[in-house]
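Student: Take this sequence and fold it.
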Amino acid sequence: MKEERESMEFDVLIVGGGPAGLAAAIRLKQLANEKGTELAVCLIEKAAEIGAHILSGAVMDPRALTELIP
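Tutor: Model (predicted):
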């Protein structure tokens with residue numbers, strides 16, 4: 001007997017909740033909103049919290065985030 005599995009459909013799947021994955025998800029949603037279209041974006045992270053695998057002590061230039069989210 002085949003077991004039923006729950007499923008969800010997305011237009012885009014991003015693997016990894018670090019800065020690059022989050023930036024990609026945010027920008028894709030921004031572009032879709034600018035064009036007036038719906039875009040289902042799913043971001044998955046293997047850690048318990050978003051960005052938990054980022055190396056501590058890393059220095060990041062905030063310019064890119066400021067451009068993405070003014």
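Student: mind checking which helix or strand of the chain has the lowest mean pLDDT?
Tutor: The least trusted helix or strand in the chain, going by mean pLDDT, DSSP states H and E, turns out to be helix 63-68, with a mean of 84.
Student: which residues are in contact with that helix?
Tutor: Defining contact as C-beta atoms under 8 Å, 6 or more residues apart in numbering, one finds that helix 63-68 is touched by 23, 26-27, 30. No exception for glycine: its C-beta is placed from N, CA and C like everyone else's.
Student: Which ones among these lie within helices?
Tutor: The helices, defined by DSSP state H, take in 23, 26-27, 30 from those.
Student: Of these, which is the nearest to residue 60?
Tutor: Proximity of the ones in helices among the contacts of helix 63-68 to residue 60 (C-beta to C-beta) peaks at residue 23, which lies at 11.2 Å.
Student: do you know how far that closest one is from residue 7?
Tutor: Separation of residue 23 from residue 7 (C-beta to C-beta, to the nearest Å): 27 Å.
Student: now residue 67
Tutor: 36 Å.
Student: So which of the two has more stuff around it?
Tutor: Each of residue 67 and residue 7 has its neighbours counted (other C-beta atoms under 10 Å); residue 67 has more, 10 against 5.
Student: which residues of this structure score low on pLDDT?
Tutor: Residue ranges of the chain with pLDDT under 70: 55-58.
Student: which residues of it fall in strands?
Tutor: With DSSP state E as the criterion, the chain has strands at 12-15, 41-44.
Student: could you dump the contacts of helix 63-68 to CSV with distance to residue 49 and neighbour count?
Tutor: Shown next, in CSV, are those (distance: C-beta to C-beta, whole Å; neighbours: other C-beta atoms under 10 Å):
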residue, distance to residue 49, neighbour count
23, 17, 16
26, 18, 15
27, 22, 14
30, 24, 13
